[in-house]
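Participant: any chance you can model this:
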Amino acid sequence: MSDQYKSEITQFLESYKQSHPDVEKRQREGRALLWDKHQDAELADGFKQAHVPQAPYVYQND
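Facilitator: Numbering: from 1, shown residues only. Predicted coordinates for the structure are as follows:
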């Protein structure tokens, strides 16, 4: 395969990024809004302590 070959999707993405230079910045902002959150260690520890183990066969009546 040639080093000069670029697929249609790669060409599209490169041209899109050139015509919309702020797209990567907006992607990072969107990620920070939804995913990059500060984790509260105390709260996470409380969740771990409150965990109830699942029964081996969940449909069996006790």
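Participant: so where's the protein uncertain?
Facilitator: Low-confidence segments of the chain (pLDDT under 70): 1.
Participant: most centrally placed residue in it?
Facilitator: In the chain, the centroid-proximal residue (Cα atoms, centre = their mean) is residue 35; its distance is 6.4 Å.
Participant: what packs against the helix or strand harbouring residue 32?
Facilitator: Secondary structure assignment for residue 32, by DSSP states H and E: helix 23-34. Where contact means 3 or more Cβ pairs under 8 Å, 6 or more residues apart in numbering; DSSP states H and E, helix 23-34 is packed against helix 8-19. No exception for glycine: its C-beta is placed from N, CA and C like everyone else's.
Participant: let me know the angle separating the helix it packs on from helix 23-34.
Facilitator: Orientation check (axes from the mean of the first three to the mean of the last three Cα atoms, to 10 degrees): helix 8-19 against helix 23-34 gives 90 degrees.
Participant: other SSEs contacting helix 8-19?
Facilitator: Partner elements for helix 8-19 (3+ Cβ pairs under 8 Å, 6+ apart): helix 23-34.
Participant: for the helix or strand following the helix it packs on, buried residues please.
Facilitator: Using DSSP H and E, the helix or strand that follows helix 23-34 in sequence is helix 41-49. Within helix 41-49, not a single residue qualifies as buried, counting by 16 or more other Cβ atoms under 10 Å.
Participant: relative to the whole chain's centre, how far out is helix 41-49?
Facilitator: Centre-to-centre, helix 41-49 and its host chain are 22 Å apart (Cα atoms, centre = their mean, to the nearest Å).
Participant: for it, packing partners?
Facilitator: Looks like helix 41-49 contacts no helix or strand (3+ Cβ pairs under 8 Å, 6+ apart).
Participant: and the contacts of the helix holding residue 32?
Facilitator: Helix 23-34 has contacts (Cβ atoms under 8 Å, 6 or more residues apart in numbering) with 16, 17.
Participant: cool, and stretch 6-22?
Facilitator: The contact list for stretch 6-22 (Cβ under 8 Å, 6+ apart) reads 23, 24.
Participant: could you shift the numbering so residue one becomes 413, and keep it that way?
Facilitator: Okay, residue one is now 413; in that scheme the one you just asked about reads as stretch 418-434.
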